[in-house]
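Colleague: Dropping a prediction and its sequence here:
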Amino acid sequence: MGSTGKSVGATTYAICLTFGLLISACATLFVDLPEAHALPSYARQTGQQCAACHNGFPELTPYGRLFKLNGYTFGGGTSAYPPLSALIRGSFTNTQAGQPGGAAPHFGANNNFAFDEASLYYGGEIAPYLGTFAQMTYNGVGRVLSWNNIDIRYARAAQLFGAETIVGASVNNNPTVQDVWNTLPAWRFPYVSSDLAPSPAAATMIEQGFAQQVAGATAYAFWDRLVYLEGGGYGTLPSRTQSALGVNSADNNEIDGIAPYFRLALSHDWSRNSIEAGVVGMTASITPLRMHGFGANRLTDLGIDTQYQFLADRDSFSVEASAIFENQNLDASRALRLASNGHDTLRSYHAKATYFYDQTYGAALGVFDVEGTSDSLLYASPPDNSPNPNSAGITSEFDYFPFNYGGPNFWPWLNLKLGVQYIYYPKFNGVSGRAAADNNTISVFCLNAF
């Protein structure tokens with residue numbers, strides 16, 4: 001066997017050993033399992049099991065979607081604990097080729113172990129009809145503490161045209177984080193990714209382009225568990241506010257005024273099945289890199305999405321798909337020599353299928369494709385300097401949830417997720433073949449919420 005074969009063998013051995021160590025280390029903490037209990041924070045409040053709200057965290061079930069739409073205020077539990085939860089995550093990451101200079105500051109070129117994150121959540125009812133999902137995170141790779149996703153809701157039930165209607169409002173800091181279907185960017189598969197692996201550079205504005213950099217408010221209504229309508233807008237937080245919240249605002253783009261956002265979806269639940277189809281959109285006038293005096297860009301995103309779930313006592317299956325189309329008028333970027341073209345387009349396609357056995361063992365397969373107009377200034381970057389943004393990938397993942405039906409006696413709301421993920425890139429930042437495949441990534445992770 002040549003050097004390449006030895007390298008592959010050593011990598012495989014390291015991955016197997018790592019996964020074994022993660023399982024062993026986590027398993028030694030959890031013995032003497034009681035009967036089923038529920039998720040941290042929300043589970044204590046509702047008295048429900050993990051599987052009631054989630055088809056494999058964080059994908060929501062119909063009950064989980066109603067819980068979120070009703071402002072996180074459902075009761076039923078008897079716990080006196082405050083609505084606090086915590087999460088820690090560690091991982092091992094291998095890329096097909098090492099990354100010169102290191103995968104990140106303080107890390108080697110390849111085969112890196114990392115303490116990825118520690119998060120503290122305040123999640124649950126604040127007052128009647130008012131609840132929240134609020135997250136503060138320490139990023140162990142970037143070594144920074146910052147606020148993360150925030151969603152504060154007020155919701156009431158009413159009757160409209162003789163049908164049950166949930167009417168509410170959300171204040172949040174990430175467009176699509178308030179959405180209840182797992183098709184849009186904030187909660188879309190893959191739910192876990194490594195900060196020590198390369199990722200495609202091009203993404204539409206709504207795909208986390210303003211996550212944690214903005215404050216927004218939307219109002220929504222869900223009529224007869226059939227029609228969902230939402231509308232509102234987002235504005236950029238001041239640089240000093242972002243910095244105080246742990247966000248590096250030095251090279252962030254700035255929304256001029258308010259960026260309108262809308263969401264429309266049709267949903268239907270029957271027997272053990274549910275289906276959804278919808279559209280989403282956002283448009284913004286943007287000052288690139290906060291450099292005023294050169295005009296503004298105008299970005300408009302329009303997306304379509306669909307989701308199907310089958311949830312049985314033992315077997316569950318779900319499929320999600322979305323497509324987002326972005327129109328870019330780049331007058332300001334062109335004037336600043338940040339873009340070659342005055343007008344570009346970008347298209348982003350995602351699809352995923354998941355199967356779970358007994359809400360304990362899961363397998364997922366996802367595909368994505370990003371394509372758009374070639375632009376030598378907007379996209380070209382070392383080492384390949386390709387002017388086109390095209391990337392495509394296939395992601396496979398295997399998960400194990402040992403406590404989806406209840407944690408150990410000493411902490412019955414504990415939730416653990418062990419996973420192995422592999423990403424294959426036929427295209428990456430405009431290149432294909434070996435140059436793209438060098439970014440193929442295997443990661444092994446352990447996520448623990450309590």
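Modeller: Okay, I see it. The shown structure was predicted, so the numbers you read here are calculated from the model rather than taken from an experiment.

Colleague: Going along the chain, name the strands of the stretch 151-300 of the chain.
Modeller: Secondary structure of the stretch 151-300 of the chain by DSSP state E, counting those that start in this stretch: the strands cover 163-172, 214-223, 227-236, 254-255, 259-270, 273-287, 297-311.

Colleague: Ser146 is nearest to which of the ones you listed?
Modeller: Proximity of these to Ser146 was assessed by CB to CB; the nearest stretch is strand 214-223, lying at 14.1 Å. (Each C-beta comes from the backbone N, C-alpha and C, glycine too.)

Colleague: Against which helices or strands is the closest one packed?
Modeller: Taking 3 or more CB pairs under 8 Å, 6 or more residues apart in numbering; DSSP states H and E as the contact definition, the neighbouring helices and strands of strand 214-223 are strand 163-172, strand 227-236, strand 259-270.

Colleague: and the last one, which strands flank it?
Modeller: Think strand 259-270. Sheet pairing for strand 259-270, assigned by DSSP bridges, gives strand 227-236 (antiparallel), strand 273-287 (antiparallel).

Colleague: So which of the strands of the stretch 151-300 of the chain is the most surrounded?
Modeller: Comparing those by mean neighbour count (mean count of other CB atoms under 10 Å), strand 254-255 comes out on top with a mean of 23.

Colleague: and it, average pLDDT?
Modeller: Averaging pLDDT along strand 254-255 gives 95.

Colleague: by contact count, what packs against that strand?
Modeller: Taking 3+ CB pairs under 8 Å, 6+ apart as contact, the helices and strands that strand 254-255 lies on are strand 227-236, strand 273-287.

Colleague: in this protein, which segments are predicted with low confidence?
Modeller: Counting by pLDDT under 70, the chain contains low-confidence residues at 1-40, 412-413.

Colleague: how does it look with 90?
Modeller: By pLDDT under 90, the low-scoring segments of the chain are 1-58, 75-85, 208-209, 248-252, 313, 359, 380-386, 401-416, 448-450.

Colleague: any chance you could map the helices in it?
Modeller: 3-27, 42-46, 50-53, 62-69, 239-244, 331-335, 434-437 (DSSP state H).

Colleague: contacting residues around Gln213?
Modeller: When contacts are counted by CB atoms under 8 Å, 6 or more residues apart in numbering, Gln213 touches 173, 236-237, 242, 247, 249, 252.

Colleague: Nearest to Val227, out of these: which one, please.
Modeller: Within the contacts of Gln213, distances to Val227 taken as CB to CB reach their minimum at Asn173, with 26.7 Å.

Colleague: My guess is the closest one contacts Ser146. True?
Modeller: No. Using CB atoms under 8 Å, Asn173 is not in contact with Ser146; the gap is 10.9 Å.

Colleague: anything in contact with each of these two?
Modeller: With contacts taken as CB under 8 Å, 6+ apart, the residues that reach both Asn173 and Ser146 are Gln212.
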